[in-house]
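In: Sequence and predicted structure, then a few things I'm wondering about:
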Amino acid sequence: MTDALTSVRIDAPVDEIRHWINGRAVPSLSGAHRVGTDPATGGPGADVALGTADDVDAAVRAACDAAWAWRKIASADRARILWDIGRLIRRDLDELVGLEIRDTGKPLESARAEVRGAAEYFEFYAGLVNLPAGDIIDVVPTQHVYTLREPYGVVGVITPWNLPINQAARAAAPALAASNVIVVKPAETTSRTTTALARLATEAGIPDGVFNVVLGKGSEAGSALVEHPLIRKLVFTGSVAVGQSIGRVAADRILPLTLELGGKSANIVFEDADLDFAATEAVRAFTTNAGQVCSSGTRLLVQRSIHDEFVRAVVDATERLRVGEDFGPLITRDQYETVLSYFDIAQGEGATLVTGGDRPTADTLEDGFYVNPTIYTQVDNSMRIAREEIFGPVLVVIPFDTEDEAIAIANDSDFGLVGGVWTEDLSRTLRVSEAIEAGQIYVNTWSTAAVQTPFGGQKASGYGREKGIEALNHYTQLKSVTISLGPSRAVQAVE
Ligand code: NAP
Ligand code: MG
């Protein structure tokens, strides 16, 4: 059998993944679908529905129809449903892990951690359904003034392919806890688990239309979602370029955005740090998920007095990693080709390659999108490999002499997602943590950023916050209500 849209020859049955709209799986209104690629083998991936503006419209309308009833459900019932989604994720953990591995090729343990993390989002926000409330404001005795934290209504969520179910859950759980209804558009390449999550939400008792998934390409289904007039808030995780284009459309509509756009985060190692642990964590920081993590530590700033010794430790630890076991392939063919192209760019820029810079030769990895973990030294912060997010297991090492110089290099970046600080000096910890322009600072660890901790960027890394109690502020809008308790003259100026 040959799929007309891709000419991919399919010899084995492939998973058919369809939109989830109004509580059921539905094909595209146009009938279009396409078979993707398994990043671990280069063979066929899932057969995924390709949505257009019509499918997006059906999903958004279903969401609109469900919005008021979801908002008016008793908060304890909303909490029970969210908690149950978490429970069902844990019940079906193995199945979800299997789906995620087939889409991404990631190793079992990282897929498990990702799916468990998805359950944690629902568990955490199930306990916070009452939080987006409001305050009573003391103005004058003749008025009762209060605020309400209200849902936006239909929230559009566009997610990338690096942590598919985790990023879908990261947005869905707080959005739903705050009484919004959602339409999620996952990356076309990794559609399996987001659709499975919506199916589990329906099983958990979420009313039809509250949690919808539209599949397809960003340029088609994604842009239709951004442009849909009934979307009231949009949450996007992905590249700066797409974030900017969404921002332009949103400007015309005054559409509030949360943007999570990646980073080029500096991990600063001072000479007084616990260097053994710092080296281990520096490796984890750039190789986890094959470097396909927005919060990767990809610029390693090392104090010159320990530079050679420390780089040796980092290289040794990196060379002990087993590609395909400790981390998987690049998840998309595009991303694989992008990372390979940066190997050429690095060479052209005159950086010194100390390990990697190529793909593994093992037969078992031959057809997948694997690359070796790669480290460059003699890197100047003005080089493209120091400025651009490569989104692969590629580390650049930059020496520094003084604390001020380290801070200046760390901040000389368009991005501002994470700053890592390694030192035993408490005063320096506090000074550097304040000076670095980033949404997150990790001191003497490269954090895995818990569900409870707010997460987001400064500068080109984006704005708005995900996770923690803070996320609820980004899924609600504030209304104030002023009630006169009896005839009285207004004393305030009129806005
Ligand atoms: P991307 O193009 O920004 O895609 C992210 C999501 O946006 C996907 O669901 C994509 O759909 C969708 N999209 C694409 N164009 C769109 C448009 N015009 N309107 C609405 N939605 C649209 O990211 P990518 O191509 O997958 O990766 C490229 C780079 O992005 C990476 O190299 C990395 O630097 C960065 N990235 C960052 C993160 C992060 O966590 N911050 C995650 C992934 C990637 P389709 O993919 O289905 O077309
Ligand atoms: Mg793209």
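Out: Everything's here; your move. Ligands and ions are numbered 1, 2, ... in the order given.
In: Can you read off the pLDDT for the closest residue to residue 336 other than its chain neighbours?
Out: Nearest residue to residue 336, sequence neighbours excluded (C-beta to C-beta, 6 or more residues apart in numbering): residue 369, at 3.6 Å. Backbone N, C-alpha and C define where each C-beta goes, glycine included. At residue 369, the model reports a pLDDT of 97.
In: Next one: residue 369 relative to ligand 1, how far apart?
Out: Distance of residue 369 to ligand 1, given as C-beta to the nearest ligand atom, to the nearest Å: 13 Å.
In: who's in contact with that residue?
Out: Contacts for residue 369 (C-beta atoms under 8 Å, 6 or more residues apart in numbering) come out as 39-40, 42, 105, 329-333, 335-336.
In: repeat that with 6 Å
Out: Residue 369 is in contact with 39, 329-330, 336, counting by C-beta atoms under 6 Å, 6 or more residues apart in numbering.
In: Among these, name the ones in helices.
Out: Among the contacts of residue 369, the members found in helices (DSSP state H) are residue 336.
In: So which residues of the stretch 101-250 of the chain form helices?
Out: Remark: helices assigned in the stretch 101-250 of the chain by DSSP state H, counting those that start in this stretch are 108-126, 164-177, 192-203, 223-227, 240-253.
In: export those to JSON lines and tack on mean neighbour count?
Out: Shown next, in JSON lines, are those (neighbours: other C-beta atoms under 10 Å):
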{"stretch": "helix 108-126", "mean neighbour count": "22"}
{"stretch": "helix 164-177", "mean neighbour count": "28"}
{"stretch": "helix 192-203", "mean neighbour count": "24"}
{"stretch": "helix 223-227", "mean neighbour count": "22"}
{"stretch": "helix 240-253", "mean neighbour count": "15"}
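In: Of all these, which one comes closest to residue 354?
Out: helix 108-126 (25.4 Å; C-beta to C-beta).
In: close to ligand 1, is that closest one?
Out: No: Helix 108-126 lies apart from ligand 1 when judged by C-beta under 6 Å from any ligand atom; the minimum separation is 12.8 Å.
In: didn't residue 232 look like it was pressed against residue 152?
Out: Yes: between residue 232 and residue 152 there is a contact at 4.0 Å, judged by C-beta atoms under 6 Å.
In: what residues are up against the closest residue to residue 172 other than its chain neighbours?
Out: In space, residue 172 comes closest to residue 182 once its chain neighbours are excluded; the distance is 5.8 Å by C-beta to C-beta, 6+ apart. Applying C-beta under 6 Å, 6+ apart, we find residue 182 in contact with 155, 157, 172, 175, 211.
In: if you set the cut-off to 8 Å instead, what comes out?
Out: Neighbours of residue 182 in contact, by C-beta under 8 Å, 6+ apart: 63, 154-157, 171-172, 175-176, 210-212.
In: Can I get the residues you listed in JSON lines including distance to residue 33 and pLDDT?
Out: Shown next, in JSON lines, are those (distance: C-beta to C-beta, whole Å; pLDDT from 0 to 100):
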{"residue": "63", "distance to residue 33": "23", "pLDDT": "99"}
{"residue": "154", "distance to residue 33": "25", "pLDDT": "98"}
{"residue": "155", "distance to residue 33": "26", "pLDDT": "98"}
{"residue": "156", "distance to residue 33": "22", "pLDDT": "99"}
{"residue": "157", "distance to residue 33": "22", "pLDDT": "99"}
{"residue": "171", "distance to residue 33": "25", "pLDDT": "98"}
{"residue": "172", "distance to residue 33": "24", "pLDDT": "98"}
{"residue": "175", "distance to residue 33": "27", "pLDDT": "98"}
{"residue": "176", "distance to residue 33": "28", "pLDDT": "98"}
{"residue": "210", "distance to residue 33": "25", "pLDDT": "99"}
{"residue": "211", "distance to residue 33": "21", "pLDDT": "99"}
{"residue": "212", "distance to residue 33": "18", "pLDDT": "99"}
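In: So the residue nearest to residue 172 versus residue 110, what's the distance?
Out: 26 Å (C-beta to C-beta, to the nearest Å).
In: before we move on, back to that, as TSV, the contacts of residue 369 with neighbour count and pLDDT would be great.
Out: Shown next, in TSV, are the contacts of residue 369 (neighbours: other C-beta atoms under 10 Å; pLDDT from 0 to 100):
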residue	neighbour count	pLDDT
39	29	97
329	28	97
330	28	98
336	21	98
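In: which residues sit in contact with the residue nearest to residue 178 when sequence neighbours are not counted?
Out: Of all residues not flanking residue 178 in the chain, residue 475 sits nearest, at 4.1 Å (C-beta to C-beta, 6+ apart). If you count contacts by C-beta under 8 Å, 6+ apart, residue 475 has them with 132, 151-152, 155, 174-175, 177-178, 180, 233.
In: need the residues of the chain near ligand 1, please.
Out: So the chain meets ligand 1 at 158-162, 185, 187-188, 217-219, 222-223, 226, 237-239, 242, 245-246, 260-262, 294, 335, 338, 389, 391 (C-beta under 6 Å from any ligand atom).
In: Which members of these are positioned in strands?
Out: Among the residues of the chain next to ligand 1, DSSP state E puts 158, 185, 237, 260 in strands.
In: Name the residue of the stretch 351-495 of the chain that lies nearest to ligand 1.
Out: In the stretch 351-495 of the chain, the residue found nearest to ligand 1 is residue 391; the distance is 3.6 Å by C-beta to the nearest ligand atom.
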